[in-house]
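Asker: Let me see the structure of the following:
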Amino acid sequence: MNQPLQHTTVLLDEAVHALLGEGDAPAGTFVDGTFGRGGHSRLILQRLGPQGRLVAFDKDTEAIQAAARITDARFSIRHQGFSHLGELPAASVSGVLLDLGVSSPQIDDPQRGFSFRFDGPLDMRMDTTRGQSVAEWLADAEAAQIAEVIRDYGEERFAGPIAKAIVARREERGPLATTAELADLVAGAVKTREPGQNPATRTFQALRIFINAELEELQQALEGSLHVLRPGGRLVVISFHSLEDRIVKQFIAQHSKEVYDRRAPFAPPQPMRLKALERIKPSTDEVAANARARSAVMRVAERTEVPA
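Answerer: Prediction:
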């Protein structure tokens, strides 16, 4: 019998402490926007008071199955992405945690198609019950579209040659179907190597972000957090690459830095909806124990009393 694939939660204690604050057994409703395999959720439930509630979101059907094993009455989960966060009642939530990126079981399962390290179907959908797979999209997309996605979401400077190679292969031998086929094709199109990085890394990242609309969903969730967080509520976001972190950093800055109107220098500044608190990176020990923590950045902000 196959062992379930394991996931080591990054910045576990730091994130839960930032979310719940200093007090013992807090009440209130908290949100884990990315249940995954439940690392953060289980620790939140351990520290939550009897009147507390935890609402989790996840698009992945395997995450929903894992969540079914939690029998705590204070816990509920929605089979939705965190872009639906804003549907919760206004000012009803004491803290929102978003742990972005792909969980280790998703990466390590060849059937999900997230990784070039294993051969499997070229899928990459977080929710396998909805939407197009990467293979289906690549079967019809034009070279210019493919290049734009790989360049914008993977920051890959060989996006043009990679896109042309994908289309040429499709016309000669039919569309790509597996992760190994894509990884081999990309390796042939990328002319220079980054030390310690597989040449397909940026392309796989780009296609995953695109097919799951990850950056658009992140923006929706951040906007939703302003609506659902009560005054004093915490927003805690863990990012794993620069595109995500840039969006989070700019969002917090936009809503926490006073902007003066130069056309009306004596007018009071715009009231701010957030107060930026801290930026945390994993410790050296955590990175040594879990290489996937290496690129993580956690940003924390607190909701002010200014209406959304």
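Asker: Quick test: name the residue nearest the centre of this protein.
Answerer: Nearest to the geometric centre of the chain sits Leu100, at 2.2 Å (C-alpha atoms, centre = their mean).
Asker: Could you give me the buried positions within stretch 14-31?
Answerer: Neighbour counts over stretch 14-31 (16 or more other C-beta atoms under 10 Å) mark 14-20, 26, 28-31 as buried. For glycine as for every other residue, the C-beta is placed from the backbone atoms N, C-alpha and C.
Asker: For the helix or strand containing His255, give the mean pLDDT please.
Answerer: Taking DSSP states H and E as the criterion, His255 maps to helix 242-256. Averaging pLDDT along helix 242-256 gives 97.
Asker: Contacts for that helix, please.
Answerer: Residues outside helix 242-256 that contact it (C-beta atoms under 8 Å, 6 or more residues apart in numbering): 100-101, 153, 155, 209, 214-215, 218-219, 222, 226, 235, 237, 239, 272-276, 297, 299, 301.
Asker: Verify the stated contact: the residue nearest to the centre of the chain with Leu222.
Answerer: No. Using C-beta atoms under 8 Å, Leu100 is not in contact with Leu222, being 11.0 Å away.
Asker: that older thread, filter the contacts of helix 242-256 down to the buried ones.
Answerer: Here, 16+ other C-beta under 10 Å leaves 100-101, 153, 209, 214-215, 218-219, 222, 226, 235, 237, 239, 273-274, 276, 297, 299, 301 buried among the contacts of helix 242-256.
Asker: returning to what we had before: show the subsequent helix or strand relative to the helix holding His255.
Answerer: Following helix 242-256 in sequence, per DSSP H and E, is strand 274-280.
Asker: Could you export the lowest-mean-pLDDT helix or strand in the chain as CSV, CA atoms only?
Answerer: The weakest-scoring helix or strand in the chain, judged by mean pLDDT, DSSP states H and E, is helix 104-108 (a mean of 81). In CSV, the C-alpha atoms belonging to helix 104-108 read as follows (Å, rounded to 0.1, in the frame of the first residue of the first chain):
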residue,chain,number,x,y,z
SER,A,104,4.9,19.0,-1.2
PRO,A,105,2.4,16.1,-1.8
GLN,A,106,1.2,17.9,-5.0
ILE,A,107,4.8,18.3,-6.2
ASP,A,108,5.8,14.8,-5.3
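Asker: just how off-centre is that helix within its chain?
Answerer: Relative to its chain's centre, helix 104-108 lies at 14 Å (C-alpha atoms, centre = their mean, to the nearest Å).
Asker: neighbours around Ala288, how many?
Answerer: Residues near Ala288, counting by other C-beta atoms under 10 Å, number 11.
Asker: ok so, going back, and the buried residues of stretch 14-31, which two are the farthest apart?
Answerer: Largest separation among these by C-beta to C-beta: Glu14 and Thr29, giving 21.4 Å.
Asker: Find the residues that touch each one of Leu100 and Leu222.
Answerer: Val237.
Asker: the strands in the stretch 51-200 of the chain, which residues?
Answerer: Counting by DSSP state E, counting those that start in this stretch, the stretch 51-200 of the chain has strands at residues 53-57, 75-78, 93-99.
Asker: Could you dump those strands into TSV with distance to Ala293, mean pLDDT and mean neighbour count added?
Answerer: Compiled in TSV, those are given as follows (distance: least, C-beta to C-beta, whole Å; pLDDT from 0 to 100; neighbours: other C-beta atoms under 10 Å):
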stretch	distance to Ala293	mean pLDDT	mean neighbour count
strand 53-57	22	98	22
strand 75-78	25	98	18
strand 93-99	12	98	26
